[in-house]
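In: Show me the folded form of this:
(one chain, ligands or ions: 1)
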Amino acid sequence: MAGKKPWSREEFEQKLQEKECFYHIHHPFQVLMNNGKLNQYQVQGWVANRFYYHTCIPLKDAAILANCSQRSVRRQWVQRILDHDGYGEDVGGIEAWLQLGEAVGLSRETLESQQQVLPGVRFAVDAYVNFARHATWQEAVCSSLTELFAPSLHQQRLDNWPRYYPWIKAEGYHYFRKRLNEARRDVRHGLEATLDYFQSRTQQEQALAILQFKLDVLWTLLDALWMAYIENRPPYHTEL
Ligand SMILES: O=C(O)c1cc(C(=O)O)c2c(n1)C(=O)C(=O)c1cc(C(=O)O)[nH]c1-2
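Out: Numbers count the residues shown, from 1 in each chain. You can find the predicted model right below:
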């Protein structure tokens, strides 16, 4: 029996774009945050927990490099590690996130200690890194495509937070400004690689499932934050 006809390149990209409805921009925690409804303690919780995600992104990207035998891909992908860890004049995204921590009233020691990282956040982020370690590099690249949807979220924060959260110091916004440009560049590369590689309909459907997995990682991270910081569900909020 003949398999289903592959989607055209345009249709396939459209299917990937349609996954936006599962993006964490729609999670109730994010909606509260972007409408100025969180208090300082809750914003701090998000910053401290998301720090774990940022510290793991270079490990994920290093796993992709380790699994990729194509020099031309590695030459471009390695830039992502430099963007996070810093290179030359650029202090890097992880340092910029530490500055965001300070801008919301958290010391860098607190962030680096990872004391506030919730178990659910750790499990979700680790699942992403482990996926990149064990998948092919093309599959792992595909899993990064949530970045298609990230720029509008960074932009929302830049537009709304100064008004809603005047207590956040201006230096805190550097991270979001930095990522706005980087994410737009990165995602084009990841998207082209995905459109090139996943050719048959079965493969294209696999790509959608991979993107869904990553969307679930980000959603689950916020579910854990919701339980601890909105519902104040013991024991975690009492331990923080
Ligand atoms: O603030 C956000 O909502 C958000 C989302 C995502 C994402 O969609 O995965 C990333 C980032 N930020 C981000 O700053 C970042 O560096 C990043 C790297 C990646 C990735 O999967 O390689 N995603 C994201």
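In: Only C-alpha atoms from now on, for both contacts and neighbour counts.
Out: Noted.
In: Show me which residues of the chain are close to the ligand?
Out: Residues of the chain lying near the ligand by C-alpha under 6 Å from any ligand atom: Ile57, Ser144, Thr146, Glu147, Ala150, Arg179.
In: what sits against the fifth one?
Out: Applying C-alpha atoms under 8 Å, 6 or more residues apart in numbering, we find Ala150 in contact with Leu180, Ala183.
In: Number the residues from 14 up from this point.
Out: From this message on, residue numbering opens at 14, which makes the last subject Ala163.
In: what about it, distance to Val117?
Out: Using C-alpha to C-alpha, to the nearest Å, Ala163 is found at 21 Å from Val117.
In: got it, and the second one?
Out: Applying C-alpha to C-alpha, one obtains 28 Å for the distance of Ser157 from Val117.
In: shaky segments in this protein?
Out: Low-confidence segments of the chain (pLDDT under 70): 14-15, 250-253.
In: Just give me the longest helix of it.
Out: Counting residues, the longest helix found in the chain (DSSP state H) is helix 53-79.
In: circling back to that earlier point, in CSV, list the residues of the chain next to the ligand along with secondary structure.
Out: CSV is the format used below for the residues of the chain next to the ligand (DSSP: H, G, I helix; E, B strand; the rest coil):
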residue, secondary structure
Ile70, helix
Ser157, helix
Thr159, helix
Glu160, helix
Ala163, helix
Arg192, helix
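In: in the protein, which spans are helices?
Out: Using DSSP H, helices in the chain cover 22-31, 41-47, 53-79, 84-98, 106-116, 121-126, 132-147, 150-156, 163-177, 187-210, 214-238, 249-252.
In: how about the ones you listed, which one is nearest Gly16?
Out: Gly16 sits nearest to helix 214-238 of all the helices of the chain, at 7.7 Å, using C-alpha to C-alpha.
In: Just the angle for the closest one relative to helix 187-210, thanks.
Out: Interaxial angle, helix 214-238 versus helix 187-210 (axes from the mean of the first three to the mean of the last three C-alpha atoms, to 10 degrees): 160 degrees.
In: Test my guess that Phe162 contacts Glu33.
Out: Yes: contact status for Phe162 versus Glu33: in contact at 6.6 Å, counting by C-alpha atoms under 8 Å.
In: sorry, back to before: can you put the helices of the chain in JSON lines and add distance to Gly16?
Out: Shown next, in JSON lines, are those (distance: least, C-alpha to C-alpha, whole Å):
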{"stretch": "helix 22-31", "distance to Gly16": "16"}
{"stretch": "helix 41-47", "distance to Gly16": "39"}
{"stretch": "helix 53-79", "distance to Gly16": "30"}
{"stretch": "helix 84-98", "distance to Gly16": "31"}
{"stretch": "helix 106-116", "distance to Gly16": "44"}
{"stretch": "helix 121-126", "distance to Gly16": "50"}
{"stretch": "helix 132-147", "distance to Gly16": "27"}
{"stretch": "helix 150-156", "distance to Gly16": "21"}
{"stretch": "helix 163-177", "distance to Gly16": "34"}
{"stretch": "helix 187-210", "distance to Gly16": "18"}
{"stretch": "helix 214-238", "distance to Gly16": "8"}
{"stretch": "helix 249-252", "distance to Gly16": "49"}
